[in-house]
Each structure stands twice: as structure tokens, then as C-alpha cells.
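S.K.: structure for the following, please:
(one chain, ligands or ions: 1)
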Amino acid sequence: MARSRPRGGWLPLLAALLAAAACGAAEDKPGLLELTADSFVPTLQGLDDSRWVLMEFYAHWCPACQRFQPEYEKVAAFFAARGEAEPVVTVSRLDCANFGDMCGKFKVHGYPTMKLGLAADLAALALDKLTVVEPASRHANSVIAFLEKQLDAKFSGSKAGAGGSTDGAASGAATDKATAAAAVVGGRKGGAGLGKGGGAAIDGVQPHEHAAELAPASRARADLNDIEGATITSWQYLGASPLLLRGPEARQALKDWVELLADAHPVERCQLGAQRLRASLPEYWPDDADEPRKPLQGLQICPGSDFKDWSGCRGSVADKRGYTCGLWQLFHTLASRLPDSDNSGAVWLAAVKGFVSSYFQCSECAKHFVRHAGGEEAVAVARKRDAVLWMWRTHNIVNRRLGAEEAEDASKGDPAAPHVQFPPASLCPQCRRAEEGAAAADEAVPWDEDAVHAFLLSYYSGEAPLDAAPATGLRSRRSSWSDAGLVVVLVAACVYAVLRRSGQYALKKVHSRSL
Ligand SMILES: Cc1cc2nc3c(=O)[nH]c(=O)nc-3n(C[C@H](O)[C@H](O)[C@H](O)COP(=O)(O)OP(=O)(O)OC[C@H]3O[C@@H](n4cnc5c(N)ncnc54)[C@H](O)[C@@H]3O)c2cc1C
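M.R.: Numbering: from 1, shown residues only. Next comes the predicted model:
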């Protein structure tokens with residue numbers, strides 16, 4: 001394709017650079033053009049017509065995006081190092097957690113999503129001219145191979161990354177406009193981009209800077225502040241993504257989720273907020289409507305909340321932990337606060353699965369979770385105890401996978417909070433049957449599930465059950481016998497105390513008389 005003059009002259013590009021410069025300081029990410037909703041169109045309009053743009057739609061809180069980030073940076077460095085060699089590819093990205101509207105316009109449902117197109121087509125939102133980039137794996141070389149095929153090009157046989165001949169170090173030679181723009185636009189707007197109580201991540205924090213402030217690992221309770229934060233954040237992301245709010249499945253998922261929050265949320269204002277939402281939903285999103293008739297954004301899930309930042313879930317590295325940590329805790333807490341009826345666990349599971357499937361936009365996370373939630377073990381979830389233990393096991397499966405990845409490459413996680421099997425022996429020594437089973441990533445930790453169940457109820461709901469036996473017929477029989485035994489013992493103790501006191505009183509009287 002013939003090269004042409006930049007569209008619209010240099011003014012839009014200059015405007016974009018100035019606007020982008022206002023977003024934050026440059027980061028050391030050669031060739032990576034970080035855009036905002038404001039800089040998106042003018043920056044792309046300022047590029048040559050023949051320039052291809054690889055655009056990643058991501059969210060700063062999304063673990064799958066965080067894990068992909070170093071690879072994406074290698075792709076950016078690779079193309080920056082190629083300079084003006086045809087075909088020229090600019091590597092760019094947009095944080096959908098902050099600019100959800102723009103991502104909605106590109107019909108982005110989950111993160112990360114990559115699209116490839118000519119700069120002019122991206123600027124014009126010509127969706128039919130864009131290609132969804134689906135490499136065989138989320139590795140830099142795989143992405144480059146996909147582009148090579150798509151653009152019918154040969155990228156000189158080089159591999160991305162430090163081992164290749166066109167590695168990141170060479171990228172300083174690249175002096176094209178996009179690279180210059182990237183240097184200016186590199187600063188990313190993270191943190192609570194959705195306003196008060198939004199995805200409050202720590203912006204620009206260096207590793208370990210906050211490590212000293214982290215809550216000690218031995219905290220014996222889930223954190224209500226973080227649970228409230230996750231409730232608000234999830235509601236804001238959901239409301240800011242109209243694309244998600246479509247169709248009967250999404251409507252049912254929303255109804256079930258709000259219903260669960262209204263019944264079991266541990267924070268009073270969130271429970272009241274959810275109860276109000278439950279009453280308003282039929283008006284906002286009637287059963288016969290494919291999408292909400294009124295915007296949900298105006299509705300508050302935790303009215304009067306003063307949530308500002310994560311506490312126990314606060315990461316020691318920018319953007320790590322936070323929202324997803326709070327969300328797990330919310331799921332666990334909701335399970336531990338269910339009534340102990342025949343099907344409360346099944347109702348809980350349907351609501352959590354529906355929420356993750358329809359509204360949790362880390363695509364990789366949601367895919368794994370939903371697959372697991374449709375499995376054999378999930379079918380057996382009926383009562384509260386089933387739900388509490390299923391959630392615990394499921395979370396530990398994710399912990400094991402992430403812990404193994406972190407063991408190979410510590411930068412994949414938060415070094416101050418490695419993923420281990422929960423609860424660690426330090427929190428619940430009685431949860432493990434033998435000390436040798438305490439290894440962090442051990443497949444076969446010999447759990448005492450009754451003790452784990454009792455621990456989780458206490459940790460997530462403050463409930464401390466008298467016995468931790470299974471919630472089966474056997475348990476109710478055992479409970480009623482032990483309850484009866486307890487009553488007999490208490491009555492006997494009272495009678496004894498009364499008799500003893502009256503005896504002492506009589507003795508005292510005798511004694512005082514004899515004095
Ligand atoms: C549904 C879901 C699926 C996810 N899938 C992925 C994925 O596929 N890939 C990925 O990279 N990230 C995934 N994540 C994110 C990831 O699990 C973590 O949330 C993230 O890495 C932050 O970890 P964290 O150290 O804050 O602890 P988290 O794992 O977020 O845990 C939060 C807190 O829950 C408690 N806890 C930990 N384990 C258990 C347990 N077994 N039972 C009860 N309580 C427990 C601890 O107090 C811990 O601090 C997912 C998140 C969610 C909510």
C-alpha cells in the first residue's frame with residue numbers, strides 16, 4: 001500500500017501528544033503507545049494511512065492482562081526496533097477499566113482483546129475492517145507470527161525479546177512518530193478511573209513500596225472494606241459496559257446477583273442498596289426487554305460508602321491484587337452467610353457463576369471458572385456447606401496454578417503475597433491433618449474438611465459453629481443429640497451452682513452465728 005501524508009496534518013497529532021502528556025509521566029516501554037479516550041482518535045488520525053496498528057484493549061486490574069503485559073511489551077519493542085521497515089506496525093493499547101465507553105464502541109467483551117487495522121480504520125471505528133488477533137498463545141513470538149501471516153509479511157526471522165537480534169535494547173534506534181508519541185504517552189492512567197470507589201489501584205507504585213503497610217498474613221478475618229470495594233467496583237464496571245447488558249442470560253445473571261447481595265451481603269449499606277436495586281430492577285430492565293430501559297449507572301449499590309482504597313487486598317506492586325482479591329472474598333463471604341436450607345448452595349452457585357460468566361471481564365479467568373462451575377463437583381453443590389467448601393476448593397485450584405507460575409517467574413505475581421494453599425497452617429493449624437502436608441503447592445494437602453469448614457465460617461462470617469460435622473442428616477442427628485447433652489449439662493451445672501450457693505449461704509449463716 002502506498003504511503004501518504006499524515007491525515008489532517010500535524011495539528012491533531014500535536015494535540016494528542018499534549019493531551020497524552022497530561023495523562024502522566026513516560027514509562028520505559030519502548031514503542032508502546034498508551035492511548036486514552038481523548039487521545040485515541042486524534043493520535044491515530046495523525047499517523048500515516050499505511051501504518052498498521054495493533055491495539056490491545058485491556059484492564060489494569062485484569063490478571064490475564066497483567067500476565068500478558070511483558071509479552072506485549074516485547075511485541076512493541078520488536079516493531080519499534082524495525083523502525084520504518086514495511087509493513088510498519090504501531091503497537092498500542094487502551095485501558096478499558098478507565099475508558100469503557102471507547103472499548104464498548106469496539107465491541108470488546110473481555111480482556112485482553114487485540115485488534116489489528118490500519119490507523120485510519122481504527123480512528124474511524126470501522127469495525128468491519130479490523131481483524132481480531134487470536135494468536136496460538138499469548139507469547140510475543142506467537143503474536144508476531146499471527147501478524148506476519150495476517151499482513152503477508154516476513155519479519156526477518158527475528159524473535160521478540162532479549163534473545164532475538166531485534167530485541168528491546170535495539171529499539172532506541174526507532175525514531176518514527178509513533179515511538180516518539182509512545183515516549184510521551186507512555187504514562188498510564190491507572191487507579192480509580194471510574195470515580196469515587198472505582199477500581200482503586202495504586203498508581204505508579206514501585207515494587208515493595210507499600211509492602212511494610214500490608215496487613216499481616218495472620219489477619220483472622222476477611223476484610224469488609226475490601227468486600228465493599230469489590231461490590232462497588234464490580235457494579236461500576238458492569239454499569240460502564242453497556243455491551244455486557246444485553247440479552248436474557250445477562251438479565252437473569254444480574255437479577256440473581258442482586259438477589260444474592262440483597263440476601264447475604266455482610267455490609268449493611270450494600271445489603272440495603274441491593275434490596276433497593278432488587279425492587280427497582282423490573283422497572284430498569286423489564287423481563288421483556290433485551291437491554292435495560294434506563295441506565296443502571298445512576299443506581300448505587302452501596303449508598304453512602306466511603307470506600308477509597310484496598311486494605312488487606314492492597315498489592316505491593318501497582319495494579320496487583322485489589323479488585324479480584326476483594327471479589328473472591330465477596331464470593332466466600334456470601335457463601336458463608338447463606339441460610340442452611342436444602343438448596344441455598346445451589347442458588348448461590350447459579351448467581352456467582354452467572355455473574356462471572358456475564359460480567360467478570362478477565363476472559364481467561366472467567367473461562368476457567370465457568371468451566372469448573374459446570375463440572376461434576378459443582379453439580380453436587382446443594383446446601384450451604386457444599387457452597388462454602390466448593391468455593392474454597394475452586395479458589396485453591398486457581399491458587400495452585402498461579403503459585404506454580406510464580407515459582408517459575410516471581411514477577412508474575414505480587415512478591416509480597418505469593419499464591420499458596422489456603423488456609424496456611426499459620427492461620428488454621430487444625431485444618432491440616434499432618435505437618436508434612438503444609439507445603440504451599442502440594443497437590444495432596446491432607447485437609448481436615450470439617451476443620452476447614454469451621455474455619456471458613458468463622459473467617460468469612462464470624463460464625464463459630466459448635467461442631468463442624470457435615471450438613472447432612474447425620475449432622476442434624478448428631479447435632480440434636482449433642483444439643484440435648486449440652487442442655488442437660490447446663491441444667492445440671494445451674495442446679496449444682498444454686499445448691500452450692502444456698503449451701504454456702506447456710507454454712508455462712510452457721511459460721512457467722514458461731515463467730
Ligand atoms: C473468579 C476468579 C477467577 C480468576 N482466575 C484467574 C486466572 O485464571 N488467572 C489469573 O492469573 N488470575 C485469576 N484470578 C485472579 C487471582 O485469583 C487473584 O485474585 C489475584 O492474583 C490476586 O491474588 P491475591 O494474592 O490478592 O489473592 P486472591 O487469590 O485474590 O485471594 C484473596 C484472599 O482470599 C483468601 N483466600 C485465598 N485462597 C482462598 C481459598 N482457597 N478459600 C478461601 N479464601 C481464600 C485470602 O485471604 C486471600 O488474600 C481470578 C480471580 C477471580 C475472582
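
S.K.: number of residues surrounding residue 421?
M.R.: 22 (other Cβ atoms under 10 Å). Bear in mind the C-beta positions are built from the backbone N, C-alpha and C, glycine included.

S.K.: wait, isn't it in contact with residue 396?
M.R.: Yes: using Cβ atoms under 8 Å, residue 421 is in contact with residue 396, at 5.5 Å.

S.K.: pLDDT at the one residue in the stretch 1-150 of the chain that gets nearest to the ligand, what is it?
M.R.: Per Cβ to the nearest ligand atom, residue 63 is where the stretch 1-150 of the chain lies closest to the ligand, at 3.3 Å. pLDDT, residue 63: 93.

S.K.: try residue 169
M.R.: 33.

S.K.: could you do the one 5 residues further on as well?
M.R.: Per-residue confidence at residue 174 stands at 34 (pLDDT).

S.K.: shaky segments in this structure?
M.R.: Scanning the chain for pLDDT under 70 picks out the ranges 1-27, 156-220, 435-443, 464-515.

S.K.: centroid residue for it?
M.R.: Nearest to the mean C-alpha position of the chain, by Cα atoms, centre = their mean, lies residue 324 at 2.6 Å.

S.K.: just checking, what packs against the helix or strand where that residue lies?
M.R.: Assessed by DSSP states H and E, residue 324 sits inside helix 323-336. Where contact means 3 or more Cβ pairs under 8 Å, 6 or more residues apart in numbering; DSSP states H and E, helix 323-336 is packed against helix 224-239, helix 247-264, helix 344-359, helix 384-408, helix 449-461.

S.K.: out of these, which gets nearest to the ligand?
M.R.: Taking Cβ to the nearest ligand atom, helix 384-408 is the member of these nearest to the ligand, at 3.4 Å.

S.K.: would that closest one count as contacting the ligand?
M.R.: Yes: contact of helix 384-408 with the ligand (Cβ under 6 Å from any ligand atom) involves 392, 395-396, 398-399, 402.

S.K.: can you put those in JSON lines and add distance to residue 116 and neighbour count?
M.R.: JSON lines is the format used below for the residues of helix 384-408 next to the ligand (distance: Cβ to Cβ, whole Å; neighbours: other Cβ atoms under 10 Å):
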{"residue": "392", "distance to residue 116": "41", "neighbour count": "21"}
{"residue": "395", "distance to residue 116": "36", "neighbour count": "18"}
{"residue": "396", "distance to residue 116": "38", "neighbour count": "19"}
{"residue": "398", "distance to residue 116": "31", "neighbour count": "17"}
{"residue": "399", "distance to residue 116": "35", "neighbour count": "18"}
{"residue": "402", "distance to residue 116": "30", "neighbour count": "18"}
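
S.K.: with distance to residue 357 as new columns, can these be given to me in TSV?
M.R.: TSV is the format used below for those (distance: Cβ to Cβ, whole Å):
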residue	distance to residue 357
392	20
395	17
396	21
398	16
399	21
402	21
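
S.K.: and of these, the nearest to residue 73?
M.R.: For these, the residue nearest residue 73 by Cβ to Cβ is residue 402; the value is 20.6 Å.

S.K.: for the nearest residue to the closest one once chain neighbours are set aside, which three-state class applies?
M.R.: With sequence-adjacent residues excluded and distances taken as Cβ to Cβ, 6 or more residues apart in numbering, residue 402 is closest to residue 419, at 4.2 Å. What DSSP: H, G, I helix; E, B strand; the rest coil gives for residue 419 is coil.

S.K.: ok, now how distant is residue 419 from residue 334?
M.R.: Applying Cβ to Cβ, to the nearest Å, the value for residue 419 to residue 334 is 22 Å.

S.K.: same check on residue 34?
M.R.: As for residue 34, its distance to residue 334 is 36 Å (criterion: Cβ to Cβ).

S.K.: close to the ligand: what parts of the protein are there?
M.R.: Counting by Cβ under 6 Å from any ligand atom, the residues of the chain close to the ligand are 63-64, 67, 313, 321, 324-325, 327-329, 332, 356, 364-365, 368-369, 392, 395-396, 398-399, 402, 414, 417, 419, 422.

S.K.: run the last query once more with 5 Å
M.R.: When proximity is defined as Cβ under 5 Å from any ligand atom, the chain approaches the ligand at 63, 321, 324-325, 327-328, 332, 365, 368-369, 392, 395-396, 398, 417, 422.

S.K.: residue 77 belongs to a helix?
M.R.: Yes: under three-state DSSP, residue 77 falls within a helix.

S.K.: I'd say it and residue 31 touch.
M.R.: Yes: at 5.5 Å, residue 77 and residue 31 qualify as touching, with contact defined as Cβ under 8 Å.
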